[in-house]
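Enquirer: This is the structure alone, sequence omitted:
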């Protein structure tokens, strides 16, 4: 860490400062939302404390389950497919110590995000309940064995599964199952319409579940032990606090012991079993069909995309994201035609944000994932422009499809006027083309070929620059579209319209902005690829 800090350049320091600032803004937003929600629920007469307690137990139970799945998937990369594991096994270190280090690494990678998100929520809980800093510090200390126990459960499951099945196939299968699980939780939470709990007319229905709210949730899991410890702290019930804390710490220690025992018995066998190459039956073909360079590249990317579960499983996230987004649009209470069209206008910006995130995931890393094989691309008989154009074409499929689906479906759900509907769809599709080109161009300007995961590419300084440029691009686009919409409503309701001359400079501004968003990143990306050495 000392060498890393000493080697930071000014550019790296600016990037770290920007990351810290963005993280603080994000955590502050989570705290504000958590405080508002907990304050309201706690203020409900008769059942306020029960609502808060039930919410807390459900948050802990959901977090426990998510960390288990995360550790189960992460353990394959950190334990069985770690690049330094062969070297570590050749040293005089004991197997149990090596596995303990890898298990702690897995626990950290699987739970750090949950821990970070829990910080503002628990701070809001401490303020709402009047627990103070002592309560907040005690709960944070209890989170460590709680998250460690969930991670150990996932690691134990991975050890047992690898002992029976090949690790690579298990990893792909669990990755898909994990994606489906998270997608299901996300969609279930939205489709339950939690906003109904904050409507006064729904309080009578909530009161009918008083016995349900007062009942414990999964009393034999560490999530309930943590909940019991928190409730005991709030009520100054020290005997119960010691009891639940002992269960939590003792259960975690027992899981650690079981994990170490399994590591000694079957870990090394499972790792050695998966070092052998996999056999595949491939149908031999003596035919050779000539393909144009761009077509050949597209066919290559399609095959790699379908073979890698880390990539095609993300389509499931896109499906759930689209469903939740459209469901939220459908549930917006719109009483007047003006509100319908106004929401449709702001919907353009919201869809732009969603599309920019999808482009960051699918298009921006497309250059970097070539990895060590990039020299083959440079040596192939096609230009840098053709290579980058292929990445744009391939990435435009999920980006443009999602943009068209969200813009058209949300416009139909909002029942907007035909001119507003077509203008919204057109604006979104034009922005999607610009965002797709920006993602490909920035990915070519800031490639990271020595990477271990796509998350490292997305969170790089190039990814941050792309997001900032994309947000600015979306904001300017939406601002320019505001004037035509305003004129449309003025004409429709019989008011004096702004002179038509204003539409000329708005149209020219949109043309220049979107043309620059498509052409400039592409040109800069091509220049960067040409300068790149193999």
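Expert: Happy to help now that I have it. In this text, all values refer to a predicted model and were calculated from it rather than measured experimentally.
Enquirer: Longest helix in this structure, by number of residues?
Expert: If you go by DSSP state H, the chain has its longest helix at helix 95-129.
Enquirer: What is that one packed up against?
Expert: Applying 3 or more C-beta pairs under 8 Å, 6 or more residues apart in numbering; DSSP states H and E, one finds that helix 95-129 contacts helix 10-42, helix 48-75, helix 85-89, helix 132-164, helix 238-262. From N, CA and C alone the C-beta is placed, and that goes for glycine too.
Enquirer: Tell me how many other residues surround the closest residue to residue 89 other than its chain neighbours.
Expert: Nearest non-adjacent residue to residue 89, counting by C-beta to C-beta, 6 or more residues apart in numbering: residue 98, 6.8 Å away. Residue 98 is flanked by 19 other residues according to other C-beta atoms under 10 Å.
Enquirer: my guess is residue 98 contacts residue 87, does it?
Expert: No: Residue 98 is beyond contact range of residue 87, at 10.4 Å (criterion: C-beta atoms under 8 Å).
Enquirer: can you pull the contacts of the closest residue to residue 63 other than its chain neighbours?
Expert: Distance criterion C-beta to C-beta, 6+ apart; nearest residue to residue 63, sequence neighbours excluded, is residue 114 at 5.1 Å. Contact analysis of residue 114 by C-beta atoms under 8 Å, 6 or more residues apart in numbering lists 63, 66, 67, 70, 147.
Enquirer: how many neighbours does residue 481 have?
Expert: 20.
Enquirer: Now do the buried residues in stretch 121-135.
Expert: 121, 122, 123, 124, 125, 126, 127, 128, 129, 131, 135 (16 or more other C-beta atoms under 10 Å).
Enquirer: Okay, the third one and residue 29: tell me how far apart.
Expert: In this case it means residue 123. 13 Å (C-beta to C-beta, to the nearest Å).
Enquirer: try residue 145
Expert: 29 Å.
Enquirer: likewise residue 78?
Expert: Going from residue 78 to residue 29 by C-beta to C-beta gives 31 Å.
Enquirer: Between these two, which has more neighbouring residues?
Expert: Higher neighbour count among residue 78 and residue 29: residue 78, with 22 against 11, using other C-beta under 10 Å.
Enquirer: What are the neighbouring residues in contact with the more buried one?
Expert: So residue 78 contacts 102, 105, 106, 109 (C-beta under 8 Å, 6+ apart).
Enquirer: same check, this time on residue 429
Expert: So residue 429 contacts 400, 403, 404, 407 (C-beta under 8 Å, 6+ apart).
Enquirer: likewise residue 360?
Expert: 439, 458, 463, 466, 467, 470.
Enquirer: Could you list the buried residues of the helix or strand it falls within?
Expert: Per DSSP states H and E: residue 360 is located in helix 337-362. Across helix 337-362, burial judged by 16+ other C-beta under 10 Å covers 340-345, 347-352, 354-356, 358-362.
Enquirer: pLDDT (mean, whole number) over it?
Expert: Here helix 337-362 scores 79 as its mean pLDDT.
Enquirer: I'd like the next helix or strand past it.
Expert: Following helix 337-362 toward the C-terminus (DSSP H and E): helix 374-379.
Enquirer: what comes into contact with that next one?
Expert: 370, 387, 447, 449, 532, 534.
Enquirer: Against residue 154, how distant is the closest residue to residue 419 other than its chain neighbours?
Expert: Spatially, and ignoring its direct neighbours in sequence, residue 419 is nearest to residue 488 (6.1 Å; C-beta to C-beta, 6+ apart). The spacing between residue 488 and residue 154, counted by C-beta to C-beta, is 54 Å.
Enquirer: follow-up on the earlier one: out of the contacts of residue 78, who's nearest residue 261?
Expert: Lowest distance from residue 261 to those (C-beta to C-beta) belongs to residue 102, with 15.6 Å.
Enquirer: I'd say the closest one and residue 79 touch.
Expert: Yes: judged on C-beta under 8 Å, residue 102 makes contact with residue 79 at a distance of 4.8 Å.
Enquirer: and for the two, which residues touch both?
Expert: By C-beta under 8 Å, 6+ apart, residue 102 and residue 79 have these common neighbours: residue 85.
Enquirer: Neighbour count: the two, which is higher?
Expert: The residue with more neighbours, out of residue 102 and residue 79, is residue 79; 24 against 21, by other C-beta under 10 Å.
Enquirer: Run through the residues that contact that one.
Expert: By C-beta under 8 Å, 6+ apart, the neighbours of residue 79 are 85, 99, 102, 103, 106, 155, 158, 267, 271.
Enquirer: what about it, distance to residue 325?
Expert: Residue 79 is 36 Å from residue 325, by C-beta to C-beta.
Enquirer: buried residues in stretch 52-63?
Expert: For stretch 52-63, the neighbour count (16+ other C-beta under 10 Å) marks 52, 53, 54, 55, 56, 57, 59, 60, 61, 63 as buried.
Enquirer: Could you say which of the contacts of residue 360 is surrounded by the most neighbours?
Expert: Of the contacts of residue 360, with other C-beta under 10 Å as the count, residue 439 tops at 32 neighbours.
Enquirer: Could you list the low-confidence segments of the stretch 151-300 of the chain?
Expert: 164-218, 269-291 (pLDDT under 70).
Enquirer: can you rerun that using 80?
Expert: Applying pLDDT under 80 to the stretch 151-300 of the chain flags residues 161-220, 265-298.
Enquirer: ok, now the stretch 351-500 of the chain?
Expert: Counting by pLDDT under 80, the ranges of the stretch 351-500 of the chain that qualify are 371-382, 414-417, 449-461, 464, 482-500.
Enquirer: my guess is residue 110 meets residue 67, correct?
Expert: Yes: using C-beta under 8 Å, residue 110 is in contact with residue 67, at 5.6 Å.
Enquirer: so what sits against both of these two?
Expert: With C-beta under 8 Å, 6+ apart as the test, residue 110 and residue 67 both reach 150, 151, 154.
Enquirer: For residue 256, see how far away the last one is.
Expert: Separation of residue 154 from residue 256 (C-beta to C-beta): 13 Å.
Enquirer: Same check on the first one?
Expert: The gap separating residue 150 from residue 256 is 12 Å, by C-beta to C-beta.
Enquirer: More neighbours: the two, which one.
Expert: A count of neighbours by other C-beta under 10 Å puts residue 150 above the other of residue 150 and residue 256, at 28 against 18.
Enquirer: Identify the residues contacting that one.
Expert: Residue 150 touches 63, 64, 65, 67, 68, 71, 110, 111, 222, counting by C-beta under 8 Å, 6+ apart.
Enquirer: JSON lines please, covering the shared contacts of residue 110 and residue 67 and showing distance to residue 243.
Expert: JSON lines is the format used below for those (distance: C-beta to C-beta, whole Å):
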{"residue": "150", "distance to residue 243": "21"}
{"residue": "151", "distance to residue 243": "24"}
{"residue": "154", "distance to residue 243": "26"}
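Enquirer: and of these, the nearest to residue 262?
Expert: Residue 262 lies nearest to residue 154 out of these, by C-beta to C-beta, at 12.9 Å.
Enquirer: now the closest one: how far from residue 113?
Expert: According to C-beta to C-beta, residue 154 and residue 113 sit 15 Å apart.
Enquirer: Which one of those two is surrounded by more residues?
Expert: Using other C-beta under 10 Å, the more surrounded residue of residue 154 and residue 113 is residue 154, with 24 against 12.
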